[in-house]
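Engineer: Pasting the sequence and the predicted model now:
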Amino acid sequence: MVFLHAFSRGAAKFTRRLDNHYSHFFSSLSTVPGLHQFQKTDNIASYNHKLFPFTSFPGILKPGLFHTTACDIVETPHELTESAAIVHIPKNSTNIFREWGCSETDISKIFERRPSLRKTDIHILQSKLEILSRLGIKSSDLVKMVHCRPRFLNCKINVCLNERLEYFESLFGSREVLVKAIVRNPSLLTYDFHNKIKPVIAMYESLGLSKTDLITVLLSRPTLIPRTSLDDEKIDYIRKTGVSKNSKMYKHVVSLFAISRIETIREKVLNLEKYGLLEDDICNLIGRSPLVLTLSIDKVQRHMTFILGIMRLSASIVLRNPFLLYFNLETVLKPRFQIACKIEDMGLVPEIKGPVLLTAMRMSDKRFVAAFITCHPEKEALELITVYNKAKSVKRLAESSKKNFTTGFPF
């Protein structure tokens, strides 16, 4: 009995060792790439001290099944389908833009404006497009943004993103207006938030601009934030304009003086002083019509020379009628003044003289022709319209070969 008991215990130990040997052997085989995993069948006998030969091991080869662990796991058909699904990963930025919603035309425009985006990191590009999607920016808006700021998608736009968006939403009042402002100036997402954006907005608020005024100037002048600088001399110019904080022109006066270089302001004021205007009168003119500050020195010189030398009007006429500086000299002022002289030579009525001349300058082209040309008999009207069209077709000397030299931003 003792012998039989010892023999039974030894057989049991041998069986367990052999079973462990088999399990380790097949577990190591499961890690070999391309080798099919064993799956146990339903008819598996319990281990009751029986020795199984290798060919009768309780497992069969089943093609197509792979496991990453040594444990025996049976996968369902649904799990197998999910594991076999191929995840589509875009291989280049073109696919990223296409999947984001851009058409082929949009993609070509983006690459034309910023060719380096063809080789950009697709993961970084995809993360930036996801941020823009959450903001509500569409593919058509992205084309405008890249055209306006070609380096936009190469800049970091996730710095202080949440804090920045919360601040801008409270400033603009809604997400829709914020998106409109970002499309007009994408750099709102890249400017230094704490050292540039907040100090500039606080400065305009200290000058008396309300949130509504700030929204207006930010939308109309997208580069307001990086170009703003105010000193005592600029503030003195603003004070000389005589515009009150409650005036509708106040926000435009303040913003134009703030974004203009002080040297440019001095040059433009001095240019008008050459025609006999006083500095206080010029500042009052800017207060009533702030866009005078955006006109180039060359344009003002040509207009003032024509008004004083050809039209024989005084320089003070510009202070009361600043539109004379805005209208095109070659297509509006010269042709219409020539018609006024022609009507006078032909002895026709109504004549274009005095206050009527200023009214005629402000008319639309269609209204001017009807009021002063086609109202005459057919023969005279034909002669007048011929003179008028010929005068409008005359271009400025060497206009086609003119080169624009930028001396600084903004004006």
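Structural biologist: Perfect, thanks for sending it. Residues are numbered from 1 along each chain as shown.

Engineer: Report how many residues lie close to residue 240.
Structural biologist: 16 (other CB atoms under 10 Å). Heads up, the C-betas are built off the backbone N, CA and C, glycines and all.

Engineer: excluding its backbone neighbours, what's nearest it?
Structural biologist: The shortest distance from residue 240 to any non-neighbouring residue, by CB to CB, 6 or more residues apart in numbering, is to residue 283 (3.9 Å).

Engineer: And the one you found, what's its pLDDT?
Structural biologist: We have a pLDDT of 96 for residue 283.

Engineer: Could you check how far it is from residue 352?
Structural biologist: Taking CB to CB, to the nearest Å as the measure, residue 283 and residue 352 are separated by 32 Å.

Engineer: Name the residue in those two with the higher neighbour count.
Structural biologist: Higher neighbour count among residue 283 and residue 352: residue 352, with 22 against 19, using other CB under 10 Å.

Engineer: In which helix or strand does that one reside?
Structural biologist: When secondary structure is defined by DSSP states H and E, residue 352 falls outside every helix and strand.

Engineer: now do residue 177
Structural biologist: Here residue 177 is assigned to helix 175-184, by DSSP H and E.

Engineer: Let me see the mean pLDDT of that helix.
Structural biologist: Mean pLDDT, computed over helix 175-184, is 94.

Engineer: Restricting to C-alpha, output it in PDB.
Structural biologist: Backbone C-alpha positions of helix 175-184 (Å, rounded to 0.1, in the frame of the first residue of the first chain) are rendered in PDB as follows:
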ATOM      1  CA  ARG A 175     -19.000  83.400 -30.100                       C
ATOM      2  CA  GLU A 176     -20.300  84.400 -33.500                       C
ATOM      3  CA  VAL A 177     -18.700  87.900 -33.300                       C
ATOM      4  CA  LEU A 178     -15.500  86.400 -31.900                       C
ATOM      5  CA  VAL A 179     -15.300  84.000 -34.900                       C
ATOM      6  CA  LYS A 180     -15.800  87.000 -37.200                       C
ATOM      7  CA  ALA A 181     -13.000  88.900 -35.500                       C
ATOM      8  CA  ILE A 182     -10.700  85.900 -35.700                       C
ATOM      9  CA  VAL A 183     -11.400  85.400 -39.400                       C
ATOM     10  CA  ARG A 184     -10.500  89.000 -40.100                       C
END
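
Engineer: Can you mark which positions in the next helix-or-strand element following that helix are buried?
Structural biologist: As assigned by DSSP H and E, the chain's next helix or strand after helix 175-184 is helix 198-206. Buried positions in helix 198-206, judged by neighbour count with 16 or more other CB atoms under 10 Å: 200-201, 204.

Engineer: Output these in a markdown table; the columns should cover pLDDT and distance to residue 181.
Structural biologist: Shown next, in a markdown table, are those (pLDDT from 0 to 100; distance: CB to CB, whole Å):
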| residue | pLDDT | distance to residue 181 |
| --- | --- | --- |
| 200 | 96 | 14 |
| 201 | 96 | 12 |
| 204 | 96 | 15 |
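
Engineer: got CSV for those, with distance to residue 114 too?
Structural biologist: Converted to CSV, those look like this (distance: CB to CB, whole Å):
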residue, distance to residue 114
200, 27
201, 29
204, 32
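
Engineer: where along the stretch 251-400 of the chain do the helices fall?
Structural biologist: If DSSP state H, counting those that start in this stretch is used as the criterion, the helices of the stretch 251-400 of the chain fall at 262-273, 279-288, 297-309, 316-320, 323-326, 334-346, 355-362, 365-372, 378-393.

Engineer: ok, which stretches of the stretch 51-200 of the chain are strands?
Structural biologist: Counting by DSSP state E, counting those that start in this stretch, the stretch 51-200 of the chain has strands at residues 60-61.

Engineer: Grab the nearest non-local neighbour of the residue nearest the centre of the chain.
Structural biologist: Taking CA atoms, centre = their mean, the centroid of the chain lies closest to residue 145, which sits 2.9 Å from it. Once flanking residues are discounted, residue 145 sits nearest to residue 186: 4.3 Å by CB to CB, 6+ apart.

Engineer: Show the contacting residues for the one you found.
Structural biologist: By CB atoms under 8 Å, 6 or more residues apart in numbering, the contact set of residue 186 is 145, 148-149, 152.

Engineer: which among these end up buried?
Structural biologist: For the contacts of residue 186, buried by 16+ other CB under 10 Å: 145, 149, 152.

Engineer: Can you tell me which of these is nearest residue 240?
Structural biologist: Nearest to residue 240, judged by CB to CB, of the buried ones among the contacts of residue 186 is residue 149 at 35.8 Å.

Engineer: Quick check: that closest one touching residue 187?
Structural biologist: Yes: Residue 149 lies in contact with residue 187 (CB atoms under 8 Å); the separation is 5.9 Å.

Engineer: neighbours of residue 231, just the number please.
Structural biologist: If you count neighbours by other CB under 10 Å, residue 231 ends up with 9.

Engineer: Just list the residues touching it, thanks.
Structural biologist: By CB under 8 Å, 6+ apart, the residues touching residue 231 are residue 262.

Engineer: Next, give phi and psi for it.
Structural biologist: Backbone torsions for residue 231, taken as degrees, to the nearest 10, come to phi -130, psi -180.

Engineer: For residue 153, see how far away residue 116 is.
Structural biologist: 9 Å.

Engineer: In terms of neighbours, single out the busier of those two.
Structural biologist: residue 153 (22 against 12).

Engineer: for that one, what are its contacts?
Structural biologist: 114, 117, 120, 125, 128, 146.

Engineer: do residue 116 as well
Structural biologist: residue 154.
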